[in-house]
Every structure is written in C-alpha cells, then in structure tokens.
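Participant: need coordinates for the following:
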Amino acid sequence: MSVIAGPVDSAWVKQPKVKDAASPQMLAPRLYRTDIEQLNALDVSAFRAEFTALREDFEADHNRAHFKWDDDARNLDYRPVWENFYEFLHRSAFGEFSGCLLYSDVYRRIDDPDVSAIYKCMARDEGRHASFLNWVMREMGRRFDLAALPQIEKLQFLAPQWIFITTYLSEAIGFYRYQNISDHLRARSEYRFHPLFRYFHEWCKDERRHSRFFALMIRTQPQLYRGAWRAFLTKVFTLAVYVTMYLRDQESSIYGTLGIDWEKYDLKVIDETDVAAAGVWGIRIRTKSRWFAARLRAMRENNRANKRGRARAHGIRKPYEVALRYVRFAGNILQLALLAAQPPDRVTPHPRERWLEVAADPADTAVFALNVPPATLPAIAR
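Facilitator: Numbering: from 1, shown residues only. Got it, this is the predicted structure:
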C-alpha cells in the first residue's frame, strides 16, 4: 500500500506532479544502441574457457533470493527525505533499467552462445535492481514508469568498442558507489535510514560481475583499441564519465543524509574505479592529484554560478545571464580539455591469468564520513 494512504498532512500530499519518465528535463536520459553486426563479427573462440567460466558464474544466479522485502520496508513516512531520496532512487533506477534494455536487445541478436547467455543474465540482474528501486518509489507515492523508457525514440548510438568502455565504467563505478555506501553504513548503522541499504552488499556483487564481463570483452579484442588516437579516446570517455558523476552528485543532498561528504566520496570512487580500469587498458589517470580535483571544482563552480544565473535571468538581465551561461559552459569544456591533455601514467595491464579476477574491494570509508544528525523514517500511524 502506498504511504500516502495513511493519515498524513495535506501539505505533503500536494507535491508537484512527477514528470514523465521520458522527459529530457528530468534526467537527460541516455539510452544506447550499438551495431549488432559488428558485435557478431567479434571472435572470442580463442578465449572460450574464460567466457564459459563467466557464463557458469552468471547462470548460478547468486542473488536469485536476495531481493525480498521485510515488513520494516513498508508504510514509512518519507517526508524527512522526500526530495533527495527520490532523486537518488530515480537516477539509480533509470541507470539500471537502461542497462536492462541494452543487454536485452543484445542477447536476443548475438550469435555466440556464451556471450548471449551472459548478456541475458545481466539483463535479468539489471531489471531486478530497477524493479527493486521502483518498489520503493511506489511506496513513496512517486511511481517511476519504467515501461515508458523503451518509448524514448532518440537512442544514442555507440560503436561496440565504446559500448564496452562505457558499460565497463558504468558497472565498475556502480560497484564502488554502492559498496562504499554499504561499507559506510555497516560501520555507522545510525545513518541507514531505509532498509534498501541493507541489500547493497550483495547487490554490489552483481555490478562487479558485470564489470568483469566487459573487462574480458575489452581484453579479448585488442584490435579495437590499438593506437595513440584510440588510447586518447579511451581516456576522454573515462574522464567524461568521472566528470558527469561528480557534477551530478554535487547537486544531491542524499549524501549528507547518509552521513557522507559527497566530494570526498566521489573522489574516492573515481580513484578506485580508475585503479581497476588501469588493469584493463593500461592507462592510469592521475586522479589523486590536487590539479585533477581543482579542474573538477572549477566546473562545479561554473555550474553553481549558472544555476544562480538562471534564477536571475529576468527582464533586461536575461541576455546578460544567457551570455554568461555560454561563457561558463565553454569554461567547462576548457577544464575537460585540460584534464584530457594531462599525460596519463602508463601501467601494465593484467596478464591473461588474472583476467577473471574481480575488482578490488574499496578502502576504508572513514575518509568521507560526516558527523551530522542521522535522519529517521517513522512508520505511518494507522
């Protein structure tokens, strides 16, 4: 039963209507498609043992019984975290379900039986995650219509080699994001304001398995990544993912509610992801440098200034604020270009005998812990 069915005050019930899931204003949705003919042209037969081992691991479905709610997840009053928790759930559900759509499309059309079976299992996992998050949004009374996502017409095309890079980073970052939150909340359980976070530890293992598959695809197709230009593009793709996460998270207040310093958390996730990625493609971005953080902060301040400018863009000030917005946008492009121009460290990718290793566990989460009052979600009185 939806939480708004209980005796709550009318000010909470009269929230603004949730926008359509396909609205580009909401999350700037990006749903991807790729070239299936190119995928089918990739030969993995020389690495059959690795793909078969991965297929067996995926088909074991280790989390088949994991995502089941206990009674303490029902009939909660979400007012203390109304906006920031919903934003977190919505963004996470969108990411999970967009992965489900991509993987579902691929597995139905791919010829290699092992690769097809793995994509099918990943679609199963991502759909399960998205449905789990959507259940919480329904309990909040703010349903997110996942069924509307396949109706978004403008799918962004990426060639297979960049789909592998993008999805590898997405899955690896997902693992480090969720696992860092899970480790933090196990150490400081007073900030675990919702039962959802109890599920993150096992959930993360799905994300790590997915990243291991895409790492294997990248490693077994070196012809797609040879040359200085493609190495540079790999670095740019990687930086774009890191920057996007950082700039989105600076707008979210959910991390403070969880007792987390969002920037220290983001920089930790970025660094841990980059260590894992360097073992795949041999490029280590200098993510621990103060110069790297300064470029991110410059973009953050430009975005914050643009947000203030939009609020002031009325009457005769509007042309001036619009012009400044483009200047700051150009400034962000410059900061990204400076990051791309910074020489990376070259490292030796993992040898074949280490290709099926999982990404390392996160380091101690104490570095991003905040001392703030924890939030609570009381049960709705009946």
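Participant: please make it C-alpha for all contacts and neighbour counts, starting now.
Facilitator: Will do.
Participant: any stretches of the stretch 1-150 of the chain with poor pLDDT?
Facilitator: Along the stretch 1-150 of the chain, segments meeting pLDDT under 70 span 1-30, 147-150.
Participant: check the gap between residue 328 and residue 300 for me.
Facilitator: As judged by CA to CA, to the nearest Å, residue 328 and residue 300 stand 10 Å apart.
Participant: my bad, should have said residue 193
Facilitator: From residue 193 over to residue 300 (counting by CA to CA), the distance is 28 Å.
Participant: now do residue 317
Facilitator: In this structure, residue 317 and residue 300 are 23 Å apart, going by CA to CA.
Participant: same deal with residue 334?
Facilitator: Distance, residue 334 to residue 300, using CA to CA: 13 Å.
Participant: more neighbours: those two, which one.
Facilitator: Legend: neighbour count by other CA atoms under 10 Å for residue 334 and residue 300, higher for residue 300 (19 against 14).
Participant: what about residue 128, neighbour count?
Facilitator: Counted with other CA under 10 Å, the neighbours of residue 128 add up to 18.
Participant: got the phi/psi numbers for it?
Facilitator: When read as degrees, to the nearest 10, the backbone of residue 128 gives phi -60, psi -40.
Participant: so which residues of the protein form helices?
Facilitator: Assigned by DSSP state H, the helices in the chain fall at 10-13, 24-27, 36-41, 48-59, 82-109, 113-140, 160-187, 200-219, 228-249, 254-257, 262-281, 290-312, 318-341.
Participant: closest one to residue 67 among the ones you listed?
Facilitator: Closest to residue 67 of the helices of the chain is helix 113-140 (CA to CA; 7.1 Å).
Participant: nearest residue to residue 205 other than its sequence neighbours?
Facilitator: Spatially, and ignoring its direct neighbours in sequence, residue 205 is nearest to residue 175 (7.3 Å; CA to CA, 6 or more residues apart in numbering).
Participant: in contact with the one you found, which residues?
Facilitator: 204, 205, 207, 208 (CA atoms under 8 Å, 6 or more residues apart in numbering).
Participant: okay, now the third one: neighbour count?
Facilitator: By that I understand residue 207. Neighbour count of residue 207, defined by other CA under 10 Å: 23.
Participant: how about residue 126?
Facilitator: Residue 126: 24 neighbours (other CA under 10 Å).
Participant: who's in contact with it?
Facilitator: Counting by CA under 8 Å, 6+ apart, residue 126 touches 96, 97, 99, 100.
Participant: measure the closest residue in space to the last one that isn't next to it in sequence to residue 219 for me?
Facilitator: Nearest residue to residue 100 in three dimensions, chain neighbours excluded: residue 123, at 4.3 Å (CA to CA, 6+ apart). Residue 123 is 22 Å from residue 219, where distance means CA to CA.
Participant: which one of the two is surrounded by more residues?
Facilitator: Counted by other CA under 10 Å, residue 123 and residue 219 do not tie: residue 123 has more neighbours, with 24 against 19.
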